[in-house]
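K.L.:
Below: sequence and its predicted model.
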Amino acid sequence: MSDFVPGPAVADARQTLDRIRAAMRASIKGKGDLIDLTLACLMAGGHLLIEDLPGVGKTTLAVNLAWASATLSSRTTSCATAPQRA
């Protein structure tokens with residue numbers, strides 16, 4: 001069995017990643033490098049710690065990443081609504 005991912009799957013993943021990147025760049029200006037690093041970390045399945053001064057968009061970045069990946073990726077489950085208590 002081959003460890004290689006089929007070409008169409010790679011193309012689909014790249015298109016999804018490009019749409020997420022475009023959506024995040026539309027709402028977060030001037031942080032293109034941070035967005036690229038954030039998406040690379042997401043694709044690698046790693047953890048991300050964002051450290052910076054207060055008020056520079058750390059929470060905005062995290063919220064936009066969650067929203068974009070939930071709405072633009074068919075594999076991601078939306079976490080937009082909280083579970084209902086019984």
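P.N.:
Everything's here; your move. Numbering: from 1, shown residues only.
K.L.:
I'd like to know how many residues surround the closest residue to Ser27 other than its chain neighbours.
P.N.:
The spatially closest residue to Ser27, leaving aside those adjacent along the chain, is Asn64, at 5.3 Å (Cβ to Cβ, 6 or more residues apart in numbering). Placement of C-beta: from N, CA and C, glycine included. Around Asn64 there are 20 other residues, counting by other Cβ atoms under 10 Å.
K.L.:
what does the one 4 residues further on give?
P.N.:
Other residues near Ala68 come to 21 when the count uses other Cβ under 10 Å.
K.L.:
what does Thr38 give?
P.N.:
Neighbour tally, Thr38, other Cβ under 10 Å: 20.
K.L.:
in the lowest-mean-pLDDT helix or strand in the chain, what's buried?
P.N.:
Comparing helices and strands within the chain by mean pLDDT, DSSP states H and E singles out helix 58-72 as the least confident, with a mean of 83. When burial is assessed from 16 or more other Cβ atoms under 10 Å, helix 58-72 yields the following buried residues: 61, 64-65, 67-69, 72.
K.L.:
With stretch 47-60 instead?
P.N.:
Here stretch 47-60 shows Gly57 as buried, counting by 16+ other Cβ under 10 Å.
K.L.:
Next: stretch 17-28.
P.N.:
Going by 16+ other Cβ under 10 Å, stretch 17-28 has these buried residues: 17, 20-21, 23-24, 28.
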